[in-house]
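**Student:** compute the structure for the input listed below.
(one chain, ligands or ions: 2)
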Amino acid sequence: MDEQREMKVKNPWHRPVIILIIVLIAIGIVVMVATAIIQNKPLHQKYKYGIVLDAGSSHTSVFIYEWPAEKENNTGMVRQKHACDVKGKGISSYSGNPAGAGSSLTDCMAEAQKIIPVHRHQETPVYLGATAGMRLLRMEDSSLSDQVLDAVERSLQTYPFDYQGARIITGQEEGAFGWITVNYLSDNFRKASGTIGALDLGGASTQITFVSKENSENPENSMDFRLYGNPYHLYTHSFLCYGKDQVLKLALAKKLQSLEMQEDVLKDACFHHGYKANKTLSSVFNTPCVSEKLADSPKSFIHWGTGDGVECQNAVRKVFNHSCCQYSTCSFNGVYQPPVEGHFGAFSAFYFVMNFLNLTNDDLETAKAKLINYCSTPWEEIKSSYPSVKEKYLAEYCFSGTYILTLLEDGYNFTSTTFKNIEFIKKIADSDAGWTLGYMLNLTNMIPAEAPDTPPLPHGGFVSLMLVLSLLIFSLVIVGYKCFRRPVVYSSAPKDIV
Ligand SMILES: Nc1ccn([C@@H]2O[C@H](COP(=O)(O)OP(=O)(O)O)[C@@H](O)[C@H]2O)c(=O)n1
Ligand SMILES: [Ca+2]
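**Tutor:** Ligands and ions are numbered 1, 2, ... in the order given. A predicted model of the protein is given here:
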């Protein structure tokens, strides 16, 4: 038993050192990953806010937008937090009482004060943009429109926000910012799929805006943008007086002008059979949109519905003048327009009317047929079917629907095929489609010309990668230790086992 035995015996120092190294590596990995997570953690709680007042011809709406403070330049970050409809009519209706225009805003602005956190009030910009109603008032009397704007300015300056101005925006701005809004909300500026056109119908004007391949034949209809690194060549036009409320006056005025002098009954195919209302002449002629005034006429007339959709369409066609086009192609009234291209979002009154008439999913032929049927429904039946809708609005849907289909087909030259490319929309991603969001994005420089530099990996991807790599290193260390640890060899047996 004296033969020398070789035995593997553990070095008493060996195990603690290895354990210490492994523990240190593990601590290092945990600290590294934790630091990466904390350092890159998105700051969810910090929001910024902006307020835009849309002072339309029929009413004013106050929109509150919010976005994460640290992601101002990323597309699709700004969302509508709240919308408030100001009570009463549009600010242009306050020409006889400008101060009333200012005080009409108080309820909605008080709501804004409650919704936006107090510590953000001072840095929250407020913009007011007035559209076609105020354009018309300025045409009639620019000192009156100035007084109304001064009054809303004084009112807005009393709030703790960062007041940035109240002005009448141009038709081009209204069209282009509507286009920016719908494409921003659809996230189209980042996608290669292209953009959608914008169709906006108000009470006093209507806008059409789309990207066109054609070289513009009229610089007034062309706008160029560079957004997120891509160039966009836009066609845009705003038709003043072709909003649905002004065009109704225009159509009535044309009929009244063709009446015999002493007649006071106006038969109207665009109003339901059985509809009868006494109206004043001034309610039709009180606008700069109707140029030829009626002389020597009775002061009021009886508006008498006959409910004939086909005849209504023929009457509505008369508000479009197709005789004077100096360009290769026109929409109407001598306005240059290249052929419509691509998909369109149609919003505001385009949506309200088509949605009420349940025509948003129909092709052009079906929509026309359904509308003719709706127009021929007697007024009593319509009233009893929609008891909660105000009679003034209810009476006008046959006219408005006919105007919309005629404007799209005869005005803008949509065909049965291209009509299918129009989507009637109210909201995109919970935000209203309209010019206000685009207006604010532009004024706050939140749509950069070039795409902002973004890290190659998103936050989640970066943290996951760190975690996987760390676990890999850790496993390699363990496996390495198991495989390559050297046995310790003694030349004689230790004492305790002899
Ligand atoms: N729920 C609603 C709200 C508005 N509307 C109509 O939508 C149009 C909005 O026009 P607007 O006040 O923005 O006028 P513009 O200044 O844009 O021409 C008006 O004709 C309103 O009567 C509607 O039909 N249903
Ligand atoms: Ca509008």
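**Student:** if I look at the residue in the chain that ligand 1 sits nearest to, how far off is S238?
**Tutor:** Nearest residue of the chain to ligand 1 (CB to the nearest ligand atom) works out as G202 at 2.2 Å. Bear in mind the C-beta positions are built from the backbone N, C-alpha and C, glycine included. As defined by CB to CB, to the nearest Å, G202 lies at a distance of 9 Å from S238.
**Student:** give me the nearest residue to H82, chain neighbours excluded.
**Tutor:** When the adjacent residues along the chain are set aside, H82 lies closest to I64, with 4.3 Å between them (CB to CB, 6 or more residues apart in numbering).
**Student:** ok, now which ones touch that neighbour?
**Tutor:** For I64, the residues meeting the contact criterion (CB atoms under 8 Å, 6 or more residues apart in numbering) are Y49, G50, I51, Q80, K81, H82, A83, C84, A112, I115, I116.
**Student:** make it 6 Å
**Tutor:** Residues in contact with I64, defined by CB atoms under 6 Å, 6 or more residues apart in numbering, are I51, K81, H82, A112, I115.
**Student:** out of those, who's nearest ligand 2?
**Tutor:** Of all these, the one with the least separation from ligand 2 (CB to the ion) is I51, at 17.1 Å.
**Student:** state the number of residues packed around the closest residue to the closest one other than its chain neighbours.
**Tutor:** With CB to CB, 6+ apart as the measure, V126 is the residue that lies nearest to I51, at 4.5 Å, once sequence neighbours are left out. Burial measure for V126: 23 neighbouring residues, criterion other CB atoms under 10 Å.
**Student:** other residues contacting the one helix or strand V126 maps to?
**Tutor:** In the assignment (DSSP states H and E), V126 maps to strand 125-130. Taking contacts as CB under 6 Å, 6+ apart, the residues outside strand 125-130 that touch it are 50-53, 55, 152, 156, 161-164, 166, 168-169, 439.
**Student:** name the nearest of those relative to K276.
**Tutor:** Out of those, the one with the shortest distance to K276 is A55. That distance is 34.4 Å, counting by CB to CB.
**Student:** could you check the pLDDT of the residue lying closest to H237 once chain neighbours are set aside?
**Tutor:** Nearest-residue entry for H237: N221, 5.2 Å, with adjacent residues in sequence omitted and distances by CB to CB, 6+ apart. If you check N221, the pLDDT there is 98.
**Student:** could you measure N221 against Y327, distance?
**Tutor:** Counting by CB to CB - N221 and Y327 are separated by 10 Å.
**Student:** looking at the contacts of I64, which has the most residues close by?
**Tutor:** With neighbours taken as other CB under 10 Å, the top of the contacts of I64 is I51, carrying 29 neighbours.
**Student:** those helices in the stretch 201-350 of the chain, which residues are they?
**Tutor:** Assigned by DSSP state H, counting those that start in this stretch, the stretch 201-350 of the chain shows helices spanning 244-258, 282-285, 309-317, 349-356.
**Student:** export those helices to a markdown table and append columns for mean neighbour count, mean pLDDT and distance to ligand 2.
**Tutor:** Shown next, in a markdown table, are the helices of the stretch 201-350 of the chain (neighbours: other CB atoms under 10 Å; pLDDT from 0 to 100; distance: least, CB to the ion, whole Å):
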| stretch | mean neighbour count | mean pLDDT | distance to ligand 2 |
| --- | --- | --- | --- |
| helix 244-258 | 19 | 95 | 11 |
| helix 282-285 | 16 | 94 | 21 |
| helix 309-317 | 19 | 98 | 21 |
| helix 349-356 | 21 | 98 | 8 |
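**Student:** show the pLDDT at the residue of the chain closest to ligand 1.
**Tutor:** Reported pLDDT at G202 in the predicted model: 98.
**Student:** repeat for E70
**Tutor:** Confidence at E70, expressed as pLDDT, is 79.
**Student:** the contacts of I64 into JSON lines, with extra columns for distance to ligand 2 and pLDDT?
**Tutor:** As requested, the contacts of I64 are exported to JSON lines (distance: CB to the ion, whole Å; pLDDT from 0 to 100):
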{"residue": "I51", "distance to ligand 2": "17", "pLDDT": "98"}
{"residue": "K81", "distance to ligand 2": "20", "pLDDT": "98"}
{"residue": "H82", "distance to ligand 2": "18", "pLDDT": "98"}
{"residue": "A112", "distance to ligand 2": "20", "pLDDT": "98"}
{"residue": "I115", "distance to ligand 2": "23", "pLDDT": "98"}
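**Student:** separation between A130 and I180?
**Tutor:** Counting by CB to CB, the gap between A130 and I180 amounts to 19 Å.
**Student:** A112 now?
**Tutor:** Computed as CB to CB, the A112 to I180 distance reads 23 Å.
**Student:** now swap in L20 and tell me
**Tutor:** Using CB to CB, L20 is found at 61 Å from I180.
**Student:** ok, now K87?
**Tutor:** Applying CB to CB, one obtains 29 Å for the distance of K87 from I180.
**Student:** which of the two has more neighbours?
**Tutor:** Using other CB under 10 Å as the criterion, K87 and I180 rank with I180 on top: 25 against 12.
**Student:** quick check: the more buried one touching M440?
**Tutor:** No. Here I180 does not reach M440: they are 10.1 Å apart, not a contact under CB atoms under 6 Å.
**Student:** coming back round to it: state the mean pLDDT of the strand holding V126.
**Tutor:** 98.
**Student:** contacting residues around the residue nearest the centre of the chain?
**Tutor:** Residue closest to the mean C-alpha point of the chain, counted by CA atoms, centre = their mean, is A433 at 2.8 Å. With contacts defined as CB under 6 Å, 6+ apart, the neighbours of A433 are V182, G345, F347, I425.
**Student:** can you list the residues of this protein near ligand 2?
**Tutor:** Contact residues of the chain with respect to ligand 2, defined by CB under 5 Å from the ion, are listed as G56, G202.
**Student:** check which helices and strands the lengthiest strand in the chain sits against.
**Tutor:** Here the longest strand in the chain is taken by residue count, with DSSP state E as the criterion, and it is strand 230-240. In this structure, strand 230-240 makes packing contacts with helix 171-185, strand 205-211, strand 222-227, judged by 3 or more CB pairs under 6 Å, 6 or more residues apart in numbering; DSSP states H and E.
**Student:** which bits of the stretch 201-350 of the chain sit near ligand 1?
**Tutor:** Proximity of the stretch 201-350 of the chain to ligand 1, by CB under 6 Å from any ligand atom, involves residues G202, G203, A204, S205, G243, K244, D245, S348, A349.
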